[in-house]
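> Provide a 3D model corresponding to the input given below.
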Amino acid sequence: MAAFTTEKKGEAFELRVDLNSEYREKRKETVKKVIANMTIGKDVSGLFADVVKNMQTEDIELKKLVYLYLINYAKTQPELVILAVNTFLKDTDDINPLIRALAIRTLGCLRVEKVVDYLMEPLKKSLKDDDPYVRKTSALCVAKIFDLNPAICIDNGLISSLQEMLSDRNPMVIANAVSALSEIHAHSPQDQIFVITPAILTKLLAALNECTEWGQIVILESLATYKPTPGSREAAEIVERVIARLQHANASVVLAAVKVLMIYVRFIDSDLTKQVMKKMAPPLVTLLASDPEIQYVALRNINLILQRHPQILASEIRVFFTKYNDPLYVKLEKLESIIKLVSLETIDQVLLELREYASEVDVEFVRRSVRAIGRCAVKLDGASERCVNLLLELIKGRVGYVIQEAVVVIKDVFRRYPQKYEGVIPALCENLEALEEPEAKAALIWIIGEYAERIENAEELVEYFVEGFKEESAKVQLQLLTATVKLFLKKPGQAQELVQKVLQLATQGCENPDIRDRAYIYWRLLSSNPQAAKAVVLAEKPPIESDNSTVSETLLEELIYHIGSLASVYHKPAALLGVHGDGPVVRMATDEDDGTRVDVQKVVAAVGGNIENLLDLDFGTPAAMPPATTPGVHRPSNVDDLLGMMDLGGGSGAAPVATAAIETPRVQLLSPDSAQGLDLTGLFAKKNGQLSLELTFTNKGAGIMSDFAIQFNVNSYGITPAAPLQVPVLNAGQSAPVSLPLNRTGAVAPNQSNAVQIAVKNSNGVYYFQISVTDERVVA
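Numbers count the residues shown, from 1 in each chain. The predicted model follows:
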């Protein structure tokens, strides 16, 4: 028999043959096939040597394809990349500037340590190249090399060359140099790599009008972090140059210009501020005529701007009215803006609009619209009656989810205007059976308990809910327990059996410890001292205030510096999104940090990068406590610290010398909207030589708050708590002033800032804020 032998010729073999073809066009088409295979995930690294042979060509398109292949496989084939270095070096001396720039760009993208040494001399030469295209490409290459090997960039003077390029005659070279220096500075802010002088500032402003839109964004970003010289016209001149960028067609340029203006208004006089505010309105309105995605980004940023300066768009409320084809996410953001801008002059047209929204088919949008009517009532005293009448009209429509949302917001109206709108209670009670959601049930139960003396069949209504007590959610059970006790205290002859039944259900048949504990407290109060029970349960509640803040003031201060970025879209600190919290800090060489921006990177690092994970945040860290002064004093465990049980002892027996108290102004630290109902204000004080943080905790939510704890971030003053935070359990509407003693024995932050960043935990979550030391005498 004849023996047959076959040589397997697959696709790889054919590609290899074609890569070595004598015809250039065929080689180009083959490289394209190789790139296509690489793009869909096939391993074509076996063709590395054959592809690299095609680098030596005058065809720029083929050269680009080969470079793309090299970039993709450089990390997996670092030894073979070295073989291509000579061709790269030859290309960096090519007569064609496009090829010189292409070679430098590709060398910077290879990300191979062994290639960096070969790159230094060509890169230094390219930074001084006669062609601006090569220079601007080289500038970005320096940033990439710095990320790979910072030391070699500094040793070879590449950073100095970049700084010299800030005075280049070409605006695009300046823009790329700014971009590279900003990136490098973000990785090593302590080295003062990017310092703007008046001469450089003049160059940046001149280049702003001449470079491309992305170059303009980079320069505007750098201007946003520059602090003008106090008392000079520098800020006004910068504002006048930046205002022209508001007319740009690119939305990102517009938002970058808005960011600069929002930061600089604090440095200019009131007349110029009014002009700036007037000129900012039309560009913001124009952004709302863009595609839905751009509209959403613009609206998220506009909501931040309106929280700081609502007058900017006060007369433009109609542009926020929704269109039939707007996506839900755009409609919801427009609602937020409407609530911020609504006034007594515009409330009528807003209510007409909200009435229409309440008949839409999208359930979530209808709910938010009904809630918006209630928020308008809380915000505007003079329009509250019109809002309540509209809510009653919607309730008569007998739509289940509308009724439930209306009940919830009417509860807030009752808390804002006590004893004013009791006439609507019968209409609410008629729809008892339509309530299915816990929040709606809890709201109606609260209303029944609060106005039990005015409702003839209050006992019957409460009994209706008591029948299914065990099946209800914890929120409903807590409200039902409190409402029953209120009913008993207001009508003792009618509700005695009912209150005993509810207390027994809560103490014996309920597994939730919060409900059991509250029931035991009520039982003990009612059995031992009914008058004390009345004073506690029927205590007058402070009216809730209208708070339409999107974020807390401290977070807003940071987000103003990040307008147009992911941080401003998510309304989260930049550090949480993997971005440097402060961005590139561009300052005059002699300026001190004004400490007005939030830097939460260290706080995030303390919790392992996950700010929501309470288990990672150790509020009871012994290291944060001062050393014991009395031998033998036992420090409690972290659990004791969280519960507020720490017993401080061993203080000095000497009485302090009485001195005049020094206090900083009291400021809002947390708002109810951003902290799940927790309202927190505070100030630093120094009394008789003792530094303290004076805080006032107010529960403006519906549930109880407990288990408070506090942790300080490393700060410039070394301030840490000298005792655990001890806050009593706060029921809805209750406030508690707390004085937290402080010392200065903690670690000191290297960067000077008068802001102290703090995290507060309670049973609802963890919240972050900062408070500034505005009077240095407090820490002296």
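
> rest of the way, CA atoms for contacts and neighbours
Fine.

> quick one: contacts for the closest residue to residue 246 other than its chain neighbours?
Distance criterion Cα to Cα, 6 or more residues apart in numbering; nearest residue to residue 246, sequence neighbours excluded, is residue 254 at 4.9 Å. Counting by Cα atoms under 8 Å, 6 or more residues apart in numbering, residue 254 makes contact with 245-248, 283.

> if we go to 7 Å?
With contact taken as Cα atoms under 7 Å, 6 or more residues apart in numbering, residue 254 is in contact with 245-246, 248.

> any idea which of those residues is closest to residue 443?
Checking the contacts of residue 254 against residue 443 by Cα to Cα gives residue 246 as the nearest, at 46.5 Å.

> confirm for me that the closest one is in contact with residue 257.
Yes. Counting by Cα atoms under 7 Å, residue 257 is a contact partner of residue 246 at 6.2 Å.

> between those two, which contacts overlap?
Counting by Cα under 7 Å, 6+ apart, nothing touches both residue 246 and residue 257.

> which parts of this structure are strands?
With DSSP state E, the ranges of strands along the chain come out as 662-663, 667-670, 678-687, 690-699, 709-712, 720-721, 735-743, 755-762, 765-772.

> so what touches the last one?
Judged by Cα under 7 Å, 6+ apart, the contacts made with strand 765-772 from elsewhere in the structure are 554, 598, 669-670, 675, 754-761.

> helix or strand with the lowest mean pLDDT in this protein?
Lowest by mean pLDDT, DSSP states H and E among the helices and strands of the chain is helix 638-642, with a mean of 31.

> low-confidence ranges, the stretch 1-150 of the chain, go.
Residues of the stretch 1-150 of the chain meeting the criterion pLDDT under 70: 1-10.

> now do the helices in it.
11-19, 24-39, 48-52, 60-73, 78-83, 85-91, 97-109, 113-127, 132-148, 150-155 (DSSP state H, counting those that start in this stretch).

> and of these, who's closest to residue 327?
Closest approach to residue 327 among the helices of the stretch 1-150 of the chain is made by helix 24-39 (34.2 Å; Cα to Cα).

> which helices and strands does that closest one pack with?
helix 11-19, helix 60-73 (3 or more Cα pairs under 7 Å, 6 or more residues apart in numbering; DSSP states H and E).

> and the contacts of strand 765-772, which two are furthest apart?
Among these, 675 and 754 lie farthest apart (Cα to Cα), at 23.8 Å.

> just for the chain, where's the confidence low?
Scanning the chain for pLDDT under 70 picks out the ranges 1-10, 189-191, 231, 578-660.

> what's near enough to touch the spatially most central residue of it?
For the chain, the residue nearest the mean C-alpha position is residue 572 (1.2 Å; Cα atoms, centre = their mean). Applying Cα under 7 Å, 6+ apart, we find residue 572 in contact with no residue.

> circling back to that earlier point, please identify the most buried of the strands of the chain.
The highest mean neighbour count among the strands of the chain, using mean count of other Cα atoms under 10 Å, belongs to strand 720-721: a mean of 24.

> residues making contact with that one?
By Cα under 7 Å, 6+ apart, the residues outside strand 720-721 that reach it are 624-625, 712, 740-746.

> how about 6 Å then?
Counting by Cα atoms under 6 Å, 6 or more residues apart in numbering, strand 720-721 makes contact with 742-743, 746, all of which sit outside it.

> then stretch 88-105?
When contacts are defined by Cα under 6 Å, 6+ apart, stretch 88-105 is touched by residues residue 134.

> before we move on, the earlier item: name the nearest of the contacts of residue 254 relative to residue 16.
The shortest approach to residue 16 among the contacts of residue 254 belongs to residue 248, at 50.4 Å (Cα to Cα).

> tell me how far the closest residue to residue 739 other than its chain neighbours lies from residue 500.
Leaving aside its chain neighbours, residue 739 sits nearest to residue 694 (4.6 Å; criterion: Cα to Cα, 6+ apart). The spacing between residue 694 and residue 500, counted by Cα to Cα, to the nearest Å, is 41 Å.

> same deal with residue 388?
36 Å.

> between those two, who's got more neighbours?
Neighbours were counted for residue 388 and for residue 500 using other Cα atoms under 10 Å; residue 388 has more, 21 against 15.

> let me see the contact set for the more buried one.
Contacts of residue 388 by Cα under 6 Å, 6+ apart: none found.

> now do the contacts for residue 372.
With contacts defined as Cα under 6 Å, 6+ apart, residue 372 has no neighbours.
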